[in-house]
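Asker: Coordinates for the following, if possible.
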Amino acid sequence: MLKEVEGFIFKETPYGETSKIVNIFTKEYGLIGVMCKGAKQVQNKNRALTLRFTYAKFNIYYKENKLSTFHSATIINPLKKINNDIVLISYLSYIVDLTSQVIKQSNDPIIYDDFINTVLKLEDGLDPLVLMNILELKYLTHLGVGINLDECVICGNKTNIASIDGDKGGLICLNCLTNERIIDKKIIQMLRMYYYVNIKSISKLDINKNIKDEINFFIDTYYDRYTGLYLKSKDFLKNLMSL
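Answerer: Purely as a prediction, here's the structure:
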């Protein structure tokens, strides 16, 4: 039966001389494989509709737990800004790779919404580093390593929070400080905002660079310590950001 699904192409794989298989992250069915016959051919009308990072309404002959077949598609957003910016493409590549790992662990439909809303905010020109970090924080629960940003990770104290430590797993209160550096309370406030904000509702991101860098370092450290993920796209992005 022909079905219409909203989705985002994560990956293309050549199949034979003229066809390819695309992996589409869909709102309705999660990540599915779809055969696109003839779509490798330059003159084929479906070639442009089956490229990686295409966000569209796909009409497919859906087969549960099997390879579905592509029929047609209508672009929802061409993502022109992202596709014309190597930095934004690098952020998107990492976000796609990370999401691919997350949906192996969880089929929560909110993952799709958070992913798509992050992509659309990237396209709108909002700060890519902040958006990436917000999504990374929201994904922790789905990865089984959720974070508590309401109390000290050592004693449970909810007051006098003085620092954050990615290796120790979160907030550190004044009484539990060892060699951690006391940080600006704004950093802790913004970290909580990242975690709890509805991505779709974000219209502006104007955050001090020092605060952004502190939060990014904390999240990087937390991911390295607790998730076990190693993604080449993240290494490439880090190298690009250091230039």
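Asker: from here on, contacts and neighbour counts on C-alpha atoms
Answerer: OK.
Asker: biggest strand in the chain by residues?
Answerer: strand 2-15 (DSSP state E).
Asker: In PDB, could you pull the C-alpha coordinates for that one?
Answerer: Written as PDB, here are the backbone C-alpha positions of strand 2-15 (Å, rounded to 0.1, in the frame of the first residue of the first chain):
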ATOM      1  CA  LEU A   2       1.300   3.500  -0.900                       C
ATOM      2  CA  LYS A   3       1.800   5.600   2.200                       C
ATOM      3  CA  GLU A   4       2.900   9.200   2.800                       C
ATOM      4  CA  VAL A   5       5.500   9.700   5.500                       C
ATOM      5  CA  GLU A   6       7.400  12.700   6.700                       C
ATOM      6  CA  GLY A   7      11.100  12.100   7.000                       C
ATOM      7  CA  PHE A   8      14.700  13.000   6.600                       C
ATOM      8  CA  ILE A   9      17.300  11.100   4.600                       C
ATOM      9  CA  PHE A  10      20.200  10.000   6.800                       C
ATOM     10  CA  LYS A  11      22.200   7.900   4.300                       C
ATOM     11  CA  GLU A  12      22.400   6.800   0.700                       C
ATOM     12  CA  THR A  13      23.900   3.500  -0.400                       C
ATOM     13  CA  PRO A  14      24.500   2.600  -4.100                       C
ATOM     14  CA  TYR A  15      22.600  -0.500  -5.300                       C
END
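Asker: ok, residues contacting it?
Answerer: The contact list for strand 2-15 (CA atoms under 8 Å, 6 or more residues apart in numbering) reads 20-28, 40, 50-62, 96.
Asker: repeat that for 7 Å
Answerer: Outside strand 2-15, the residues within contact range by CA atoms under 7 Å, 6 or more residues apart in numbering are 20-28, 51-62, 96.
Asker: can you check stretch 188-198 too?
Answerer: Contacts with stretch 188-198, where a contact means CA under 7 Å, 6+ apart, come from Ile134, Leu137, Lys138, Leu149, Ile215.
Asker: Give me the neighbour count for the third one.
Answerer: Same thing as Lys138. 20 (other CA atoms under 10 Å).
Asker: In contact with it: list those residues for me.
Answerer: Each residue near Lys138 by CA under 7 Å, 6+ apart is listed here: Tyr195.
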